[in-house]
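A.B. asks: Got a predicted model here, sequence first, then my questions.
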Amino acid sequence: MDASENASFRSGLRPPQVRALTAAPIAATSCLQEMTDSQHNARAQPTGLPQKRTHKGSISYPDQKRKTLAERAGEPLKSGIPSVGAGLSRATSVKGASIASLSTNPSATASRYAHTNNFAKSVGPAARPPVTGRAPTSMGFAQSTTTRPRGLTRTRPATAMANREMEDEPGQANQKKGMKISDPFQQHLQSLRSRRAARQQPAASQPRHPSRDISGLSRRFGNLSLDDGPDKKSGGGQVVSSQYKQPLSGLSQSDVQAESITPSKVSQKEAARGNPLGPATSQGPPAPVPTTPPQSKTFNMALDMVNTILRSHQKGPFLASKSCSPTKPSFLVKDSNVTNFTGWDVDGRLNEFESQFKVMKEAFDVTMTDRKALEEAIDLAKNRASDLEREQQRLVDQNTRLQSQLDLQRQENLSLQQEKQSMVLEIEAEQRRQKYDLEDRQREHKHKVDEIRREFKGEFDQLKREHREALEAMERHYRAELADEQTQRSRELQDLRSKLGAEQQDMSLDLLKKEREVQEMRSQAEALKSDLDREQTIRATLQQQIAEMTTTNMALEDRMRGLRAKIDFLESDSKQQSDSFASMEARLQEALRVAEEARQKLIKEETERRVLFNKYQELKGNIRVMCRVRPVLDSSEGEEARIAFPDFKTSSQIDVTGPEEKSSLGAISRKVLPFEFDRVFDTSVHNEEVFGEISQLVQSALDGYNVCIFCYGQTGSGKTYTMSSPDGMIPRATHMIYDTITKLQEKSWTYTMEGSFVEVYNEELHDLLTPGRDAADGRSSSKRLEIRHDDARKQTAVVNCKTVALDSPDKVEAMLRQAQNNRSVAATKANERSSRSHSVFILKLVGHNSATSERCEGTLNLVDLAGSERLKHSQAEGDRMRETQNINKSLACLGDVIEALGRGSAHVPYRNSKLTHLLQYSLGGNSKTLMFVMVSPLEAHLKETITSLRFATKVHNTHIGTAKSTKKLTAGGTPESGR
Ligand SMILES: Nc1ncnc2c1ncn2[C@@H]1O[C@H](COP(=O)(O)OP(=O)(O)OP(=O)(O)O)[C@@H](O)[C@H]1O
């Protein structure tokens with residue numbers, strides 16, 4: 001500590017420069033890390049500048065050992081001035097390498113050193129060249145282009161020694177800790193003045209923080225190069241803008257210098273760097289202003305006083321001229337011989353200094369308060385620094401640990417690579433070995449394959465030769481066998497031919513025999529017919545005799561009455577009357593005996609009639625086919641087909657002219673197709689005549705036979721008309737049955753008659769007599785009908801089907817009406833009202849003869865089959881197509897059943913359709929069957945007509961076995977079967 005510093009402490013004054021460091025903690029806090037880095041860098045790379053320099057007796061720099069911020073923060077604050085110096089140094093080094101770089105700029109530094117050193121050496125302090133703006137006296141301001149223009153530096157009093165030192169050490173003046181300042185009081189005054197001047201400047205519209213000034217200037221200095229051109233000439237290296245030229249009164253030259261740096265350049269560069277602390281025109285938000293202790297009124301007053309004193313000093317002989325004249329100023333030194341020198345008013349000056357001291361003491365108190373705050377901030381920073389150092393230590397440890405791990409991994413990796421290398425070598429060696437091995441094996445294998453191939457080739461040739469020889473041997477053998485076989489076959493063929501010839505002869509003989517038998521049977525039939533005629537004649541004779549006898553009997557009875565009257569008359573005349581009475585009694589008995597004999601004969605003849613009638617039916621055939629052609633109803637129906645009935649005598653033939661056929665030569669012709677049936681009814685025949693032909697079958701039903709009469713033919717051919725019209729077969733049959741039953745009562749026969757009406761629709765049975773049919777499809781909603789067969793009685797029953805007792809003709813008609821209403825009739829394209837189901841009228845007849853105790857049970861089935869149109873022709877779709885398919889299927893099944901019966905097959909496929917299943921006991925066996933094939937007269941239906949006629953022909957050519965009656969004796973009589 002030099003003498004001036006000691007003096008200031010002796011007087012109790014603390015240098016006011018501490019106040020300029022108000023923002024130092026903030027700068028230090030915000031830049032701790034950078035400072036640490038800077039310290040490391042400083043340690044690692046010491047600058048080329050001398051760290052320790054001793055100047056001419058005034059300032060001695062201790063050895064600089066850089067300390068951490070924590071160390072520095074922990075140091076006791078010995079005095080304000082070194083702290084300020086240290087703070088500035090740190091701030092300068094932290095805030096910018098710019099200052100450091102500026103100070104270490106080789107060219108600038110060298111030039112400046114050269115300039116100052118040379119100047120100091122050659123001229124000395126008294127002979128320094130005039131510097132523009134530099135205080136000409138020892139109270140003037142030190143000026144350095146490398147030191148900061150504002151803050152402490154500009155407040156340092158520019159004594160002659162100080163100025164010399166500053167010029168000698170331009171870059172290190174603010175960086176060295178423990179720098180000695182000769183007049184802290186003057187320095188502080190200067191600081192206050194500069195602040196005030198800064199506040200009064202209109203451009204400084206916003207308060208500027210010292211740290212901000214420092215940082216801003218650091219950046220500015222880092223980016224600016226001093227223009228040593230024209231200004232150097234005029235101002236000795238000072239950059240002075242005309243815009244910023246101001247009188248030097250109240251302003252230090254450093255202020256002027258700082259502000260004289262071209263603002264446009266600064267603002268441009270700072271804008272380019274995005275510096276938020278740029279010029280006042282910056283758009284960014286204002287930087288936070290650190291807390292600055294407010295200046296008291298007394299402080300301001302003291303400042304004003306100091307200014308006044310200074311102004312008065314400027315007027316004095318020690319003040320340099322206001323103008324920047326290069327004229328050398330006058331200095332009062334020991335050997336000077338200055339004239340017109342006026343001595344100082346010491347008392348007045350002392351008083352002034354006392355008052356100034358008081359003011360400064362107050363300012364010092366304020367500054368102490370600030371210091372405390374700063375110390376607290378330093379403590380905080382210290383803690384933070386220690387934390388950071390701990391963190392750094394931890395990171396270093398971690399880094400060391402990771403480094404060791406990395407080394408381990410590297411070693412491991414190295415060992416693995418070595419291992420891999422060795423393995424690769426091994427693998428390569430192994431691969432080579434395998435390759436040689438493989439090549440050996442391939443060679444070996446190739447040899448083997450060649451060998452095997454040679455062996456197999458030899459074997460193959462051998463086998464081929466053997467096989468060829470075997471084939472030749474076999475061929476020879478089979479040829480010989482074939483020749484033998486051919487010889488044998490030709491012999492067998494010869495034998496067969498001879499056998500066949502013999503069989504043909506036998507068969508022709510048999511045929512002749514059969515023909516003879518047929519002839520005999522025909523003659524028998526003729527005989528029987530004659531017998532029948534005879535019997536019928538006898539019967540007529542007998543009936544006539546009976547009638548005569550009845551007449552005789554009546555005459556006898558009349559005579560008896562007369563005789564009895566005579567007896568009564570003659571009783572009186574006793575003897576004569578008695579004789580007359582006896583003879584009359586005898587004659588009466590004789591008449592009664594003759595009458596009984598006649599009745600017995602009549603019954604016997606009825607039985608014989610039935611036998612003969614059945615035989616006659618059998619001779620006619622148990623299945624008979626009749627054809628009926630309906631008339632053309634209207635000319636609108638279309639063209640009439642060419643149908644002829646050539647045999648007028650027998651009415652058993654029909655000739656249909658077929659459709660046009662084109663020969664291979666292109667000639668169109670039409671064939672005439674002849675068909676022969678048991679009876680053919682032409683268009684003129686009525687239902688009455690038709691029924692005359694079938695009445696014998698109805699009689700057979702009464703005689704106890706199962707009879708089936710069905711109508712077959714295409715839609716609209718007249719089936720329903722024939723079967724169910726009001727004068728059709730069903731009403732006529734029932735009427736005939738009633739008539740016959742009534743007549744048979746004379747012959748002791750009583751009959752019960754039951755009727756039911758069912759239909760087969762889509763292969764399902766429906767009851768046509770049950771009301772309550774579904775509106776939707778017209779089908780019965782009643783219970784399902786089931787077919788049950790009684791094999792013993794050869795009868796069929798339909799379970800759940802309604803059966804009506806037909807005890808009067810009215811009931812029959814009502815039943816037919818109901819059935820007709822319920823009959824499923826649907827529209828098709830082939831016929832407007834077409835029956836789409838098979839309807840079956842079932843009439844059960846049970847007779848009992850009280851005289852002979854005979855019982856018979858017969859069934860009459862009258863079937864109206866559905867139309868047999870072809871699918872293609874009907875153009876049916878959907879449900880209609882299904883109906884047609886089912887109809888055609890059931891008709892085909894009917895044909896199959898008839899064919900099987902004709903062949904005498906053991907199995908008859910009754911169950912293939914519902915219809916044949918229902919009619920099982922009415923088709924073949926114990927039954928008589930009549931089929932009406934109905935024919936439409938229209939040309940449009942010709943194909944269907946021919947199809948129907950062919951089917952009917954097939955049925956007609958079928959011979960079904962003998963029918964058997966179910967007549968039995970019920971009361972102890974012997975059953976009569978096979979009659
Ligand atoms: N012999 C006939 N004499 C006069 N008219 C007849 C004769 N046969 C049929 N018809 C008439 O021809 C028309 C068709 O006859 P019908 O309804 O009986 O034919 P279908 O074969 O029963 O038809 P589907 O199979 O559609 O029931 C009816 O108008 C009927 O009156």
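C.D. replies: Everything's here; your move.
A.B. asks: what secondary structure does Asp379 sit in?
C.D. replies: At Asp379 the chain is in helix, as set by DSSP: H, G, I helix; E, B strand; the rest coil.
A.B. asks: That one and Ala373, how far apart?
C.D. replies: Distance of Asp379 to Ala373, computed by C-beta to C-beta, to the nearest Å: 11 Å. Every residue, glycine included, has its C-beta placed from N, CA and C.
A.B. asks: what's the next secondary structure element after the helix or strand containing Ala429?
C.D. replies: Per DSSP states H and E, Ala429 falls inside helix 346-571. Later in the chain than helix 346-571, the nearest helix or strand by DSSP H and E is helix 574-620.
A.B. asks: Over the next helix or strand along the chain from that next one, what's the mean pLDDT, rounded is fine.
C.D. replies: Next in sequence after helix 574-620, counting helices and strands by DSSP H and E, comes strand 623-629. In this model, strand 623-629 has a mean pLDDT of 90.
A.B. asks: between the helix holding Ala429 and helix 574-620, how many degrees?
C.D. replies: Orientation check (axes from the mean of the first three to the mean of the last three C-alpha atoms, to 10 degrees): helix 346-571 against helix 574-620 gives 140 degrees.
A.B. asks: What residues does the residue of the chain found nearest the ligand make contact with?
C.D. replies: Nearest residue of the chain to the ligand, counting by C-beta to the nearest ligand atom: Gly718, 2.8 Å away. Shown in contact with Gly718 (C-beta atoms under 8 Å, 6 or more residues apart in numbering): 628, 630, 934, 936.
A.B. asks: got the phi/psi numbers for the third one?
C.D. replies: In this entry, Met934 is assigned phi and psi values of phi -90, psi 140 (degrees, to the nearest 10).
A.B. asks: Verify the contact between it and Lys719 for me.
C.D. replies: Yes - under the criterion of C-beta atoms under 8 Å, Met934 makes contact with Lys719 at 5.0 Å.
A.B. asks: Common neighbours of those two, please.
C.D. replies: Counting by C-beta under 8 Å, 6+ apart, the contacts common to Met934 and Lys719 are 711-713.
A.B. asks: Within reach of the ligand, which of the residues you listed are there?
C.D. replies: Gly713 (C-beta under 6 Å from any ligand atom).
A.B. asks: who wins for neighbours among the shared contacts of Met934 and Lys719?
C.D. replies: Gly713 (31 neighbours; other C-beta atoms under 10 Å).
A.B. asks: pretty sure it is touching Val935, no?
C.D. replies: Yes - Gly713 is within contact range of Val935, at 6.5 Å (criterion: C-beta under 8 Å).
A.B. asks: got any residues that touch both of those two?
C.D. replies: Contact criterion C-beta under 8 Å, 6+ apart; residues shared by Gly713 and Val935: Ser948.
A.B. asks: does Ala669 count as helix, strand or coil?
C.D. replies: That one is not Ala; residue 669 is Ser. Applying three-state DSSP: Ser669 is strand.
A.B. asks: Apart from its chain neighbours, what residue comes closest to it?
C.D. replies: Nearest residue to Ser669 in three dimensions, chain neighbours excluded: Glu661, at 5.7 Å (C-beta to C-beta, 6 or more residues apart in numbering).
A.B. asks: Report all helices and strands that whatever helix or strand the one you found lives in contacts.
C.D. replies: Taking DSSP H and E as the criterion, Glu661 maps to strand 653-662. The helices and strands touching strand 653-662, judged by 3 or more C-beta pairs under 8 Å, 6 or more residues apart in numbering; DSSP states H and E, are strand 643-644, strand 668-676, helix 942-956.
A.B. asks: Swap in 10 Å and give it another go.
C.D. replies: For strand 653-662, the contact count by 3 or more C-beta pairs under 10 Å, 6 or more residues apart in numbering; DSSP states H and E identifies strand 623-629, strand 643-644, strand 668-676, strand 679-681, strand 927-935, helix 942-956 as packing neighbours.
A.B. asks: Pick the most deeply packed of those.
C.D. replies: strand 927-935 (a mean of 27; mean count of other C-beta atoms under 10 Å).
A.B. asks: any low-confidence regions in the chain?
C.D. replies: Scanning the chain for pLDDT under 70 picks out the ranges 1-344, 570-577, 615-621, 771-782, 823-835, 869-877, 926, 959-979.
A.B. asks: mind giving me the domain ranges of it?
C.D. replies: Taking automatic domain parsing as the criterion, the chain consists of the domains 431-617, 621-969.
A.B. asks: Quick check: residues of this protein near the ligand?
C.D. replies: 630-631, 633, 713, 715-721, 831, 834-835, 867, 934.
A.B. asks: Give me the subset of those residues lying in helices.
C.D. replies: Those of the residues of the chain next to the ligand mapping onto helices are 719-721, per DSSP state H.
A.B. asks: Apply the buried test to the residues you listed and list what passes.
C.D. replies: Burial by neighbour count, 16 or more other C-beta atoms under 10 Å: within those this picks out 719-721.
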